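*Asks:* Quick one: sequence plus predicted model below, questions after.
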Amino acid sequence: MARYELLDNVAHRDLRVVTGFGAELGDASGVVPAFPTEFAELQREYPIFFRRDEASGAWHPVALLGFQPNENLFLQDGRWNATYLPGAVARGPFLIGFRERQVDGEPRREPVVHVDLEHARIASGGEGEAVFLPQGGHSPYLQHIVTVLRGIADGVEAGKAMYAEFDALGLIQPMRLDIRFDESAGVNLTGLYGIDRERLAALDAPALHRLHASGWLEGAYLVLASLHNLRRLIAEKQRRLRAQAHAASGVAG
């Protein structure tokens, strides 16, 4: 169970974080949240889709990592086999929270960093990356985390209007993904949505101008461009299935 605390250089002066990768660190997941501020990086290596929250109806983009709920095909031998690490993974046990302060007699919410002290990446025994310097300042690792969290916070805020506009224009449509890995193995992915290329191409000039002026048109094309990465995921899945079959035949023999 999560135990969040406001990050403090006195209370958490000895805090260290494991930055490796593995299922035991929470990395065995088929999808991770994605944010518009990282679409340009994500689309080079990950397929980007949308999911819809059934309760609120809100759209949330995700990066596809595997074809099963707990399958991460980028995870291999304690490494993350990609150049770019999604922000939702890179942030580790940290997240942005808010606290209220009085500024000139007016209450204002300001972002602050929180840490989940029950997170699997919280280190013990002196291993991992230091969060604070001996003098109490931010370590290079924490400076990086703050940058990641800022990008996530900006992405969450910017994404609300973007997804609402995509939805209003009918651009977000369900995708049928019936994928065969070989003659005996395949998967039918459901609950994933993408940008409809034909509907995007058919938009009239005012709608296109509105998307372009807001910066959201680029986001739509980045999501579309990301779909070529499905081939990479399929190839990696096929490689692992072959390796499993080879290992099984060796055991049987």
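*Replies:* Yes, it's here.

*Asks:* Any stretches of the chain with poor pLDDT?
*Replies:* The model of the chain has pLDDT under 70 over residues 251-253.

*Asks:* Can you show me the helices along it?
*Replies:* Under the criterion DSSP state H, helices of the chain are mapped to 39-42, 87-90, 140-168, 197-201, 205-214, 216-226, 230-252.

*Asks:* Distance to residue 55 and mean neighbour count for the ones you listed - can I get that in CSV?
*Replies:* Glycine gets a C-beta too; all of them are placed from N, C-alpha and C. As requested, the helices of the chain are arranged in CSV below (distance: least, C-beta to C-beta, whole Å; neighbours: other C-beta atoms under 10 Å):
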stretch, distance to residue 55, mean neighbour count
helix 39-42, 25, 20
helix 87-90, 21, 20
helix 140-168, 16, 17
helix 197-201, 26, 13
helix 205-214, 27, 13
helix 216-226, 24, 20
helix 230-252, 29, 12
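
*Asks:* Make JSON lines from those helices and add distance to residue 13 to it.
*Replies:* Putting the helices of the chain into JSON lines (distance: least, C-beta to C-beta, whole Å) gives the following:
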{"stretch": "helix 39-42", "distance to residue 13": "33"}
{"stretch": "helix 87-90", "distance to residue 13": "23"}
{"stretch": "helix 140-168", "distance to residue 13": "12"}
{"stretch": "helix 197-201", "distance to residue 13": "51"}
{"stretch": "helix 205-214", "distance to residue 13": "44"}
{"stretch": "helix 216-226", "distance to residue 13": "41"}
{"stretch": "helix 230-252", "distance to residue 13": "41"}
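
*Asks:* Let me know which of the ones you listed is the nearest to residue 123.
*Replies:* helix 140-168 (11.5 Å; C-beta to C-beta).

*Asks:* Report the inter-axis angle for the closest one versus helix 216-226.
*Replies:* 100 degrees (axes from the mean of the first three to the mean of the last three C-alpha atoms, to 10 degrees).

*Asks:* Packing partners of helix 140-168?
*Replies:* Secondary-structure packing of helix 140-168 (3 or more C-beta pairs under 8 Å, 6 or more residues apart in numbering; DSSP states H and E): strand 59-64, helix 87-90, strand 94-103, strand 106-116, helix 205-214, helix 216-226.
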